[in-house]
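> below is the sequence, then the predicted model.
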Amino acid sequence: MRRPANLASAVTAELVGRVVRGVHPSGSSLPAEPVLCESFSVSRTVVREAVKLLQAKGLVQVRQGAGTVVNPASMWNMLDELVLAAVIAEDETSAVLDDLVVTRRLLEADMALVAARTAGPEVVARLGELVDLMDELVDDPVAYREQDLAFHDTIMQVSGNRLARGVVRALESQVVNTARYVGPSERALCVASNQGHRRVYERIAAGDGDGAAKAMFDHITEAWLARRPESGDPGRLER
């Protein structure tokens, strides 16, 4: 038999999806507690726990006399795993993925700048090895992707910015296995991507912070535009 906490998590996940899809639009109230209990075949305790979880995610607020009211999207916690996953699933224009890339490139460009100023010989050698290895893996997109992630994470770690690294990793974890973000498995995309990696590596090896930041910014932008789905206006990616 499932424990109440597990049931509450399942109910929460379903309600997050309903809110994001607009089944329960902003400003509306969720169904009353007895209705939710009957709908999900769970106890009041489970429903109350689910509502608390929704509140923590910024999706709803409990108002005296009005029940549980859905918040506008501007109040949702977009770093929450369930919320972000649901929003991305409903993102037909790629606008949310564009925002993710914009956020990622700003943070990673700054971390590349710091890395160029602080990286020792061992880190520089490691980055060079990864770039050379990726040149050999352009015909194996899965293996290439693993080393791609390792390259970026090495730079983030050496920057020492644990918060920025945590944000990037949290965002990437929601999209790393989605076809719309990863894009097609084409050799040409891997080749072009690693040319960007090499430019980042060369600027870090030279101790050129500003150059490393620009190289990372350009690399992330160009790699995304090359694989971005043809939906929506990518104007927000303009530099």
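Alright, I've got the coordinates.
> and Ala205, how far is that from Asp148?
Remark: distance between Ala205 and Asp148 (Cβ to Cβ, to the nearest Å) = 18 Å. Placement of C-beta: from N, CA and C, glycine included.
> I meant to write Lys57 there.
Distance from Lys57 to Asp148, by Cβ to Cβ: 31 Å.
> looking at those two, which one has more neighbours?
Using other Cβ atoms under 10 Å, the more surrounded residue of Lys57 and Asp148 is Lys57, with 22 against 19.
> next, that one: phi, psi?
phi -90, psi 0 (degrees, to the nearest 10).
> go on, His24?
The phi/psi pair for His24 (degrees, to the nearest 10) is phi -120, psi 90.
> repeat that for Ile204.
phi -70, psi -40.
> look up the closest residue to it, ignoring the ones flanking it.
Leaving out its chain neighbours, the residue that sits closest to Ile204 by Cβ to Cβ, 6 or more residues apart in numbering is Ala116, at 4.5 Å.
> residue closest to the middle of the chain?
The centre of the chain sits closest to Leu171, judged by Cα atoms, centre = their mean, with a distance of 2.0 Å.
> does the residue nearest to Ile204 count as helix, strand or coil?
Following DSSP: H, G, I helix; E, B strand; the rest coil, we place Ala116 in the helix state.
> and it, what does it touch?
Arg203, Ile204, Ala206, Gly207, Asp208, Gly209, Gly211, Ala212, Ala213 (Cβ atoms under 8 Å, 6 or more residues apart in numbering).
> among the residues you listed, which lie within strands?
Secondary structure assignment by DSSP state E places none of the contacts of Ala116 in strands.
> give me the buried subset of the residues you listed.
Among those, those scoring as buried are Arg203, Ile204, Asp208, Gly209, Gly211, Ala212, Ala213 (criterion: 16 or more other Cβ atoms under 10 Å).
> pLDDT and distance to Gly67 added to these, as a markdown table?
As requested, those are exported to a markdown table (pLDDT from 0 to 100; distance: Cβ to Cβ, whole Å):
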| residue | pLDDT | distance to Gly67 |
| --- | --- | --- |
| Arg203 | 98 | 56 |
| Ile204 | 98 | 55 |
| Asp208 | 98 | 58 |
| Gly209 | 97 | 53 |
| Gly211 | 98 | 56 |
| Ala212 | 98 | 52 |
| Ala213 | 98 | 49 |
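> next one: the lowest-mean-pLDDT helix or strand in the chain to chain centre, how far?
Every helix and strand in the chain was compared by mean pLDDT, DSSP states H and E; the lowest is helix 179-182, with a mean of 82. Taking Cα atoms, centre = their mean, to the nearest Å, one finds helix 179-182 lying 12 Å from the centre of the chain it belongs to.
> just the CA coordinates of it, formatted as CSV?
The C-alpha coordinates for helix 179-182 follow below in CSV (Å, rounded to 0.1, in the frame of the first residue of the first chain):
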residue,chain,number,x,y,z
ALA,A,179,14.6,15.7,-28.3
ARG,A,180,13.5,19.3,-28.7
TYR,A,181,16.4,20.6,-26.7
VAL,A,182,19.1,18.0,-27.7
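> list the buried residues of that helix.
Buried-residue list, helix 179-182, by 16+ other Cβ under 10 Å: Arg180, Tyr181.
> ok, now stretch 51-71?
Across stretch 51-71, burial judged by 16+ other Cβ under 10 Å covers Val51, Leu53, Leu54, Lys57, Gly58, Leu59, Val60, Thr68, Val70, Asn71.
> returning to what we had before: and of the contacts of Ala116, the nearest to Val20?
Nearest to Val20 among the contacts of Ala116 is Ala213, at 34.2 Å by Cβ to Cβ.
> OK, contacts around the closest one?
Ala109, Asp110, Ala112, Leu113, Ala116.
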